[in-house]
Every structure is written in C-alpha cells, then in structure tokens.
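> my questions concern the predicted model and sequence given below.
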Amino acid sequence: MAIIRSFRALRPLAERVKQVASVPYDVVSTAEARALAADNPLSFLHVSRPEIDLPDGTDPYSDQVYRRALENYERLKKECPLETEDVPSIYLYRQIMGEHEQIGVVACCSIDDYDKEIIRKHERTRRDKEDDRTRHMLVLRAQTGPVFLTYRASRDIDTMVMETTMANAIFDFTADDGVEHTVWRVPDPVRFVHAFREIPFLYIADGHHRAAGAARARAELKEQSFGHTGDEEYNFFLAVMFPDDQLQILPYNRVVRDLNGLSAEQFLEAVRKSFDVTEAGSATPDSRGKWSMYLGGQWYTLTAAVGSPEPQGTVAALDVSILQDRLLDPILGIKDVRTDKRIDFIGGSRGTKELEKLVDEGKAAVAFSLHPTTIEELLRVSDASEIMPPKSTWFEPKLRDGLLIHTI
C-alpha cells in the first residue's frame, strides 16, 4: 500500500513559470547551467546550481555555494514572487515531447515507505551526491525538484487523471527545448490518496539521490525536533508518479577515451572472440542482444557470439551488463564505470551523431550505442531487490525543477 498526501506547494505565478522552471540540476554541467540561466535572473538554476553565480572553478560543494543557494532562493521568493497555496493539494503534471505524452500525479510520498522498500530502488547511490542533496534540502528547508516514480498502471487512476485534465490548467507552457509542460490542481485529492492505497509498490525511475537525500534530511530534522509526531513535512518527499505504460526510456550510450593500449586491429580481434561483428552496421541496434560500435569512422553491429553462455540472473541479462562483462571490463580494462575516468556516458536524447563527433574529433577512441533498457526490466530488477549497472536508463522528457516546491 503506497501512502501519498497533498501539500501546500510553493510555486511561481503562471505568467512567470516559463522563466522560473529549469532542467534538473544533475543533467547539466556548470558551464551548461550558466549558459541556460544567462540573462534570466528568475531561472531556478540560480537555486539548484548556485555555483553559476560564483567565480569559475568554485567547488560546487563548498560552503559558499550553499549560502548562495539560500540567498538566491530567498530573493526568488520575493522578486518573482513565489506564492504558497492556500490549501494542501495534489497535482497532475503532463509532458508532451514530440509524439510522446505522459501524465503523472504530483504528491508527497512517505519516507517510511522508502525505508520499508514499498518505494523500490534499482540504483546504488554515491555518498558525495547524497551529501549534496541532503545539505541543499536542509539549507533551504525545501525539496525543489521531484523524485521521478512509476507504478504498474491502474485503470481507476487513469480514469481519475483524465477527468481532472478536463479542467483548466494552472500552468501550460512550452520550454525552449520544445517540451510542453501542463499542470492541473486536483479538486478532490482524497480520491487520489485512497486510489494509491491500492498500489502495492512505487518504483524510483529517476532521482535516487534526491530520495536518499530526503531520507537523510528527515533523520537530521527528526533528531533536532522536540515532540516528533511523524506527521511533519520532513517525513515526506516530493514526487511525480507516472504509470509504467506511459514512460519512455532512451538508451544511455558509452564512449571510451582509449583502447587500453591496443591498436584498432588488435581491439577488433579481441572483440570478435566474444561477439559476432558485422561491418557497415547501423548506428542504433534494432533489438535487445545487439550493440552498435563506432570505431575508426564506421559503425559495426555486435551480437553475442554463437555458443556464448547465457547470462544468469535478471541484471546479468541486461544489455548494459553484457557489454560491461564481455567487452568493457575484459578488453578495455574498465572495472568500475562509476569511478573510471576513461569512460563517459551520453544520454540518448543527444543522438548517435554526438558519439560520432567525439570519436571523429579524437576525444574518444570508441563509442557504443545501446538498445534502451525497458521499463519492465527496471521493475523486475527492483522487485528482485537487485541493482542495475550505473547509467542503465535515460528517461525523457525530464521533469522541471522549481514548478512545485515542497517546504519542509
């Protein structure tokens, strides 16, 4: 049984929302965030990536960065302004990206559910990133961007969602990247609260560090609290919950900077021991069990060699795992993709042209284009309490920060 509840959102006015709402803090570099927020003092990137307002080279985890985050947040609340809803509410959040459309329920989820694995995970978090989100929440006393959750689709919830979208939206704008964002306030939030009690599990699709940070922030605030009841706002975290049959996962591709001391010919020979290699291949694999590789100005298609042992286990059978276990580790010497500086990851939204460019310009020696992980694979891994390899999924479109803020 999933517990959700309404909240009094802090939000911009409709006429300012396009200026305020920003891409998530963790999908852009400092330089990219600075460029996106240039000439826009209302951009929420000044709060989520405050180092953009400090000198180049500033440590993004330094004390002055969090102080600037709070200063920028307080200024935005006054000058935008941001206003708090009169009553606790639940919202619907629709995104349209090209032909793709998805509608999620925005509410607060229980951190107790997160601790009890009612909200299930598939990714291992990094301590430094947890530290960052925890501190950001504690300094602002707010959760400024939602955790992206999914659930196995419910006909009852689908019906309630469609009824709500017949009303007037409170936000409706198209961002600079062409994605349309629309938000409705739910007139009867209790119906949604009761409906989600019939949902056995929620799953983190994206935002593991936000969720972990919220749990750690709760522990600190609980320790400081006198007369803790469990009903305080810090016991819940901001989330958008989408049905699994609406989500779109793009591939998370890989580029490697060198061939681990091998020549291109030696590398190809080693690859052929584990894969059947087809020259003049496609830039994108057309099915699971195939990988596209860009080397020396041309694409190759890789398939598991005939007679290769079948992977054992849900995680081992993922395409990202097979590539790691049979090529990246044994041939290129990349043992841990989380720490090895020789490998980089390119979200599928950037396309395979980005992979070609990096190799052609000499910034990488080889690139791999993958077939996207499916949502069903994600759910199975989560249900098995297993962990996916890092950078297994890239969800599009991305949720915007600063639309609806949960004050803790």
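Perfect, I can see it now.

> how about residue 102, secondary structure?
strand (DSSP: H, G, I helix; E, B strand; the rest coil).

> just checking, it touches residue 245?
No: the pair residue 102 / residue 245 is not scored as a contact, 9.6 Å apart, by CB atoms under 8 Å. Yep, even glycine has a C-beta here, placed from its N, CA and C like the rest.

> so between the two, which is more surrounded?
Remark: of residue 102 and residue 245, residue 102 carries more neighbours, 20 against 11, as counted by other CB atoms under 10 Å.

> now do that one, the pLDDT please.
With respect to pLDDT, residue 102 scores 98.

> the nearest residue to it once chain neighbours are set aside and residue 31, how far apart?
Of all residues not flanking residue 102 in the chain, residue 246 sits nearest, at 4.1 Å (CB to CB, 6 or more residues apart in numbering). Applying CB to CB, to the nearest Å, the value for residue 246 to residue 31 is 33 Å.

> neighbour-wise, which of those two wins?
Shown here are residue 246 and residue 31; by other CB under 10 Å, residue 246 has more neighbours (16 against 10).

> list the contacts for that one?
101, 102, 103, 153 (CB atoms under 8 Å, 6 or more residues apart in numbering).

> from the contact counts, what lies against whichever helix or strand residue 406 is part of?
Per DSSP states H and E, residue 406 falls inside strand 406-407. The contact analysis (3 or more CB pairs under 8 Å, 6 or more residues apart in numbering; DSSP states H and E) places strand 406-407 against strand 142-143, strand 236-243.

> how far away is the residue lying closest to residue 171 once chain neighbours are set aside from residue 170?
Excluding its sequence neighbours, the residue lying closest to residue 171 (CB to CB, 6+ apart) is residue 183, at 4.0 Å. For residue 183, the distance to residue 170 equals 5 Å [CB to CB].

> overlap of the contact sets of the two?
Common neighbours of residue 183 and residue 170 (CB under 8 Å, 6+ apart) are residue 91.

> these two: who's more crowded?
Higher neighbour count among residue 183 and residue 170: residue 183, with 22 against 19, using other CB under 10 Å.

> show me how this structure divides into domains.
4-248+396-407, 252-371 (automatic domain parsing).

> quick one: which of those is nearest residue 382?
domain 4-248+396-407 (4.0 Å; CB to CB).

> chain center to the closest one: distance?
Distance of domain 4-248+396-407 from the chain centroid (CA atoms, centre = their mean, to the nearest Å) equals 11 Å.

> as CSV, the helices and strands packed on strand 406-407 with distance to residue 390 and mean neighbour count would be great.
As requested, the helices and strands packed on strand 406-407 are exported to CSV (distance: least, CB to CB, whole Å; neighbours: other CB atoms under 10 Å):
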stretch, distance to residue 390, mean neighbour count
strand 142-143, 24, 24
strand 236-243, 22, 25
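
> what about the helices in the stretch 251-400 of the chain?
264-271, 319-323, 351-360, 375-383 (DSSP state H, counting those that start in this stretch).

> dump the C-alpha coordinates for the shortest one into PDB.
So that's helix 319-323. Coordinates of each C-alpha in helix 319-323 appear next as PDB, following Å, rounded to 0.1, in the frame of the first residue of the first chain:
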ATOM      1  CA  ASP A 319      22.400  -5.400 -22.500                       C
ATOM      2  CA  VAL A 320      24.400  -2.900 -20.400                       C
ATOM      3  CA  SER A 321      25.600  -5.800 -18.200                       C
ATOM      4  CA  ILE A 322      26.700  -8.000 -21.100                       C
ATOM      5  CA  LEU A 323      28.600  -5.100 -22.700                       C
END
